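Visitor: Here is my input, please return the structure:
(one chain, ligands or ions: 1)
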Amino acid sequence: MSEINKELIYAGKAKDVYKTDKDDEVLIKFRDDITALDGGKKETLSKKGALNAVISSKLFEILVEAGVRTQYVDLVAPAQMLTKSLKMIPLEVICRNIAAGSLLRKYPFEEKQELNPPIISFDYKNDEYHDPMLNDSIILALGIATQETLDEIREMTLKINETLSKFLKEHGLLLVDFKLEYGLDNEGNLVLGDEISPDTTRLWDVDTLENFDKDIFRKGEEGVVEAYKTVVDLILTDEEKEKFYVNQIE
Ligand code: 5GP
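Guide: Numbering: from 1, shown residues only. Model prediction:
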């Protein structure tokens, strides 16, 4: 995979952000590192980063077609996504259609209970405080976002949920839940950032409810990369696989 000869601006748990020649664009490198349990469980899985970059690129393209503002510009090489530069808002915006994961540990929902309307909640993206759940009052008091921005985030998240649920269902996958991150561009517009991949979503087979996402890793099971590859096979045409370098992923 090609080396990146650019200045590193930020290194996250699974992605690195590099400067580009343009002030309003950054290059995001999807790494093979995978973490869970608040960073307590860590591994490196070959091809994982490149597969997530492909899946994110395809899903961002679907959203752009639906009129959602995203940071996505282009997948320029395996695992290397060119994006608009954003001032990120430190919120993890979580949207759920089916009860799973931490919702079952914290509240008396039935496993696999349908959630209609979907539940949207906010976690504070802050390692020191272990990503606590927030409400609007805490977000406003901490100065993380304005009420207007929060309202717009909810509206955009519902649209993203509708668009992606429909697309994924047509390709055999249920969008159980997912996490989004937003930022503001130079003009102050709210823009979807980060990634949408099996690291940040729960994706189940529509018929068997088998999962094809990071829960496999969280549970300590084998077959994480194979599951992510299945998602690529389900949602991309052969032409799109060519465009997104899928056959170059070693
Ligand atoms: P839960 O709260 O059930 O653990 O997660 C709900 C959804 O949001 C899941 O799809 C999960 O992958 C995603 N999610 C929540 N928090 C994080 C996080 O800190 N990192 C990542 N990658 N995904 C998260």
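
Visitor: and this structure, which residues reach the ligand?
Guide: Within the chain, the positions adjacent to the ligand are 92, 94, 101-103, 131, 177-179, 199-202, 214 by CB under 6 Å from any ligand atom. Bear in mind the C-beta positions are built from the backbone N, C-alpha and C, glycine included.

Visitor: Quick check: the residue nearest in space to the middle of the chain vs residue 234, distance?
Guide: In the chain, the centroid-proximal residue (CA atoms, centre = their mean) is residue 196; its distance is 2.7 Å. As judged by CB to CB, to the nearest Å, residue 196 and residue 234 stand 15 Å apart.

Visitor: So which of the residues of the chain next to the ligand sit within strands?
Guide: 92, 94, 177, 178, 179, 201, 202 (DSSP state E).

Visitor: if I look at the fifth one, how far off is residue 197?
Guide: Read it as residue 179. Distance of residue 179 to residue 197, given as CB to CB: 10 Å.

Visitor: higher neighbour count, these two?
Guide: More neighbours surround residue 197 than the other of residue 179 and residue 197, with 26 against 18 (other CB atoms under 10 Å).

Visitor: Any idea how many residues pack against the residue in the chain positioned nearest to the ligand?
Guide: Residue of the chain nearest the ligand, by CB to the nearest ligand atom: residue 101 (2.2 Å). Using other CB under 10 Å, residue 101 has 15 neighbouring residues.

Visitor: now residue 97
Guide: Counted with other CB under 10 Å, residues neighbouring residue 97 total 19.

Visitor: What of residue 174?
Guide: Considering only other CB under 10 Å, residue 174 is surrounded by 18 other residues.

Visitor: now swap in residue 191 and tell me
Guide: 21.

Visitor: For it, report the pLDDT, please.
Guide: Residue 191 is assigned 98 on the pLDDT scale.

Visitor: so which strand or helix has it?
Guide: For residue 191, the host element (DSSP states H and E) is strand 190-192.

Visitor: likewise residue 117?
Guide: strand 114-124.

Visitor: quick one: average confidence on that strand?
Guide: The average pLDDT within strand 114-124 is 98.

Visitor: Which residues belonging to that strand are considered buried?
Guide: Buried residues in strand 114-124, defined by neighbour count with 16 or more other CB atoms under 10 Å: 115, 118, 122, 123, 124.

Visitor: likewise stretch 140-152?
Guide: For stretch 140-152, the neighbour count (16+ other CB under 10 Å) marks 144, 145, 149, 150 as buried.

Visitor: So the second one sits against residue 91, correct?
Guide: Yes. Here residue 145 reaches residue 91: they are 6.8 Å apart, a contact under CB atoms under 8 Å.

Visitor: partners of the nearest residue to residue 20 once chain neighbours are set aside in the sheet?
Guide: What sits nearest to residue 20 in space, not counting adjacent residues and going by CB to CB, 6 or more residues apart in numbering, is residue 27, at 5.4 Å. Here residue 27 sits in beta bridges with residue 18, residue 82, going by DSSP bridges.
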